[in-house]
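Participant: got a sequence here, can you build the structure:
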Amino acid sequence: MDRLTNIAFLPIIFCCGTLTIFNSIYAQDWPKKYGDNIHALVSNITESYDLGFNLTAFTYNYQGANDYGWIIKIDINANILWDKKFGDGNYGNWFSNSVNTHDNGLIVSGITNKYGNDYDPLFLKTDFCGEIEWCQVLKCPGLNFGTDVIQLDDGSYVGLLTYYGTGGSYARISLVKMDPSGEPVWIQQLAQEDTLIYNEEGGNLYLTADGNFLVTGHCYYPNLKPFWIKTDTNGNQIWDLKWPGGVGGVHQLIESPDDIYYCSGALASSNMPISPVIYKLDNDGNSIYHAFLLGDTIDGGEAKALTLYNDTVLSVGVIWGTKTFPKVYYSEIILTDTLGSIINRRVLLNSAKAPNSIIKTSDNKILVTGSYVIDNNWDIYLWKMNADLEDDTLYTQPMVYDSLCPYQILSDTIDLDCDIFVNIEDIPTKEVYESTIKISPNPARDWALLTFPENFKNDQIYLTVYNTFGQAVIQKEVTITNNMYTLETSGLPSGLYITICRDKKKNAARGKFVVVR
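Facilitator: Take a look at the predicted model:
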């Protein structure tokens, strides 16, 4: 039997009497706690190829600045194998989400202010040894977030951006496509067609079973509304949904085998405060129903973490407050059917903070993690439980972790050294991306011939060439003839360059070339 099968059948090899002793001797002490005596907050948890788990988190100092992005690798019993902090303490990083990549690494979304006073979207790729393969910062003015990220079948990535730009007309929700090495390919603004939508925010990004993208969040229309946007693989909007009736928002989403979307969130009706709710909608953007998980027995709350335990059971992380005075809040996990009817429930802590992430593990256990203030600082808490929401027992069988890594992984603190895309507005839209500049010879030495798309007429254009540090090394206005221009490259050192050109009609095109000496 393979390792997972051995684990799954481990309790069964004991007789009933011995099984009772096993549970007594090897019962786990849950929850596990990480980041004691520092402010540590968890974003999510994923299961790795070796049946261990990766916690994606961040820490911050007592002045409230984000200090380090944090990845914690734990074994099947939640003991730390290694951890890596990203930063140097002099600038802020925040890891907002992560997913496993096809090559058993991680792709992480977040923000950093290493490259200026403003916080900029950050995307970081690690390998199966926890080493950085690449990181990309998208520079733009203002406070901007890399909120979520997914990987596509071809190895490329799509990231969710929130609030990029400044001024009254900047986009609040955008998708950015990156190639497998992290280089931005195109950007697409969302929620631009309906002028009645404002103050929209995207929280999570999903790759649907039909190969499209789905964003969850909220908007004002004109009141606070749960909000969904579905796009095709080019970022072109297919539909959006503002939930009819009530005010609230939506957090996480799961897709059932019959192409139905279930979502966690919060909603207030005319006779209820904002309360934990499960939404149900189809893949055409039609609302089906919503279910208030705790009815009118509570005084407010929300549902956040969400996963599908099986085809008919949802695992939901919620907070809710009592109607008593003083009000008491509870952080809880609830098992419901697909209609929102409660099957089982368990209080985790007395706290006004919902669990951030729930996953179903390969051995059919439920892993729940969240951030809570106990003893005056934020810590990360983690529970592992069975289908009855009872604490999991200790696995004693030897396990091999990080088997793909040829060396022992050590805990470390790593400074970020990212590629920087100087101006996020220079990332082309999908339509512009398809208008690329053909460059030859490539690699170039002393000159390169640039051939522009047909929409570039014989006219003056503004040409900028960037090096890999995001610095503009050539900026000038030039005249093209027969859609071509010869660029002198003799003054450029060896390296990779990106040229971005715009004409007077604001047509844009870009190309990439290498200079060798």
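Participant: quick check: which ranges of the stretch 51-200 of the chain have low pLDDT?
Facilitator: 62-66, 167-169 (pLDDT under 70).
Participant: in it, which spans are strands?
Facilitator: For the stretch 51-200 of the chain, strands defined by DSSP state E, counting those that start in this stretch occupy the ranges 53-60, 66-74, 80-86, 93-100, 106-112, 120-126, 132-138, 145-151, 157-162, 173-178, 184-189, 198-207.
Participant: could you do the stretch 301-450 of the chain as well?
Facilitator: Counting by DSSP E, counting those that start in this stretch, the strands of the stretch 301-450 of the chain are 301-310, 313-321, 329-337, 342-349, 357-360, 366-374, 377-385, 412-414, 419-421, 438-440, 447-451.
Participant: residue 129 is nearest to which of the ones you listed?
Facilitator: strand 412-414 (10.9 Å; CB to CB). Glycine gets a C-beta too; all of them are placed from N, C-alpha and C.
Participant: other SSEs contacting that closest one?
Facilitator: strand 80-86 (3 or more CB pairs under 8 Å, 6 or more residues apart in numbering; DSSP states H and E).
Participant: residues in contact with residue 255?
Facilitator: Contacts here follow CB atoms under 8 Å, 6 or more residues apart in numbering; on that basis residue 255 touches 206, 208, 209, 261, 262, 283.
Participant: what subset of those is buried?
Facilitator: Among those, the ones that count as buried by 16 or more other CB atoms under 10 Å are 206, 261, 262, 283.
Participant: quick revisit: same list, the strands of the stretch 51-200 of the chain, but as JSON lines with distance to residue 416 please.
Facilitator: JSON lines is the format used below for the strands of the stretch 51-200 of the chain (distance: least, CB to CB, whole Å):
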{"stretch": "strand 53-60", "distance to residue 416": "13"}
{"stretch": "strand 66-74", "distance to residue 416": "8"}
{"stretch": "strand 80-86", "distance to residue 416": "6"}
{"stretch": "strand 93-100", "distance to residue 416": "7"}
{"stretch": "strand 106-112", "distance to residue 416": "6"}
{"stretch": "strand 120-126", "distance to residue 416": "8"}
{"stretch": "strand 132-138", "distance to residue 416": "6"}
{"stretch": "strand 145-151", "distance to residue 416": "13"}
{"stretch": "strand 157-162", "distance to residue 416": "17"}
{"stretch": "strand 173-178", "distance to residue 416": "17"}
{"stretch": "strand 184-189", "distance to residue 416": "17"}
{"stretch": "strand 198-207", "distance to residue 416": "23"}
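Participant: which of those sits closest to residue 471?
Facilitator: Proximity to residue 471, assessed across the strands of the stretch 51-200 of the chain by CB to CB, is greatest for strand 132-138 (13.9 Å).
Participant: so what touches that closest one?
Facilitator: So strand 132-138 is contacted by 86, 105, 112, 114-115, 120-127, 144, 146, 161, 164, 176, 178, 181-184, 414, 416-421, 424, 427 (CB under 8 Å, 6+ apart).
Participant: list only buried entries from these.
Facilitator: Neighbour-count burial (16+ other CB under 10 Å) applied to those gives 86, 105, 112, 114-115, 120-126, 144, 146, 161, 164, 176, 178, 182-184, 414, 416, 418-421, 424, 427.
Participant: separation between the most centrally placed residue in the chain and residue 475?
Facilitator: What sits nearest the mean C-alpha location of the chain, by CA atoms, centre = their mean, is residue 148, with 2.4 Å. Between residue 148 and residue 475 the computed distance is 34 Å (CB to CB, to the nearest Å).
Participant: for the residue nearest to the centre of the chain, list each beta-bridge partner.
Facilitator: residue 160 (DSSP bridges).
Participant: let's number from 336 now, not from 1
Facilitator: Right, with 336 as the first residue, what we last looked at is residue 483.
Participant: buried ones in stretch 845-852?
Facilitator: Result for stretch 845-852 [16+ other CB under 10 Å]: buried residues 845, 846, 848, 850.
Participant: likewise for stretch 404-412?
Facilitator: Result for stretch 404-412 [16+ other CB under 10 Å]: buried residues 404, 405, 406, 407, 408, 409, 411, 412.
Participant: and for stretch 465-475?
Facilitator: 465, 467, 468, 469, 470, 471, 472, 473, 474, 475.
Participant: just give me the closest of these to residue 548.
Facilitator: Once CB to CB is applied, the member of the buried residues of stretch 465-475 that ends up nearest residue 548 is residue 473, at 18.0 Å.
Participant: so what's the closest one bridging to?
Facilitator: residue 756.
Participant: low-confidence ranges, the stretch 736-852 of the chain, go.
Facilitator: Counting by pLDDT under 70, the ranges of the stretch 736-852 of the chain that qualify are 766-770.
Participant: which residues touch residue 620?
Facilitator: By CB under 8 Å, 6+ apart, the contact list for residue 620 reads 563, 565, 573, 574, 575, 576.
Participant: and the closest residue to residue 622 other than its chain neighbours, what helix or strand is that in?
Facilitator: Counting by CB to CB, 6 or more residues apart in numbering, residue 622 lies nearest to residue 616, which is 5.2 Å off, once chain neighbours are set aside. Under the criterion of DSSP states H and E, residue 616 resides in strand 610-617.
Participant: now that strand and strand 648-656, what's the angle there?
Facilitator: Orientation check (axes from the mean of the first three to the mean of the last three CA atoms, to 10 degrees): strand 610-617 against strand 648-656 gives 150 degrees.
Participant: show the average pLDDT along strand 610-617.
Facilitator: Across strand 610-617, pLDDT averages out at 97.
Participant: okay, the helix or strand that comes right after that strand in PDB with CA atoms only?
Facilitator: Note on strand 610-617: by DSSP H and E, the next helix or strand toward the C-terminus is strand 622-627. C-alpha atoms of strand 622-627 as PDB (Å, rounded to 0.1, in the frame of the first residue of the first chain):
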ATOM      1  CA  SER A 622     -28.900  33.600  -8.100                       C
ATOM      2  CA  ILE A 623     -30.600  30.500  -6.700                       C
ATOM      3  CA  TYR A 624     -31.000  31.100  -3.000                       C
ATOM      4  CA  HIS A 625     -29.200  32.100   0.200                       C
ATOM      5  CA  ALA A 626     -29.400  30.500   3.600                       C
ATOM      6  CA  PHE A 627     -28.800  32.300   6.900                       C
END
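Participant: just list whatever residues bridge to residue 779.
Facilitator: residue 850.
Participant: quick one: contacts for it?
Facilitator: Applying CB under 8 Å, 6+ apart, the residues contacting residue 779 are 824, 848, 849, 850, 851.
Participant: which one of the residues you listed is nearest residue 722?
Facilitator: residue 849 (55.7 Å).
Participant: residues contacting that closest one?
Facilitator: 777, 778, 779, 830, 831, 832.
Participant: try it again at 7 Å.
Facilitator: Going by CB atoms under 7 Å, 6 or more residues apart in numbering, residue 849 touches 777, 778, 831.
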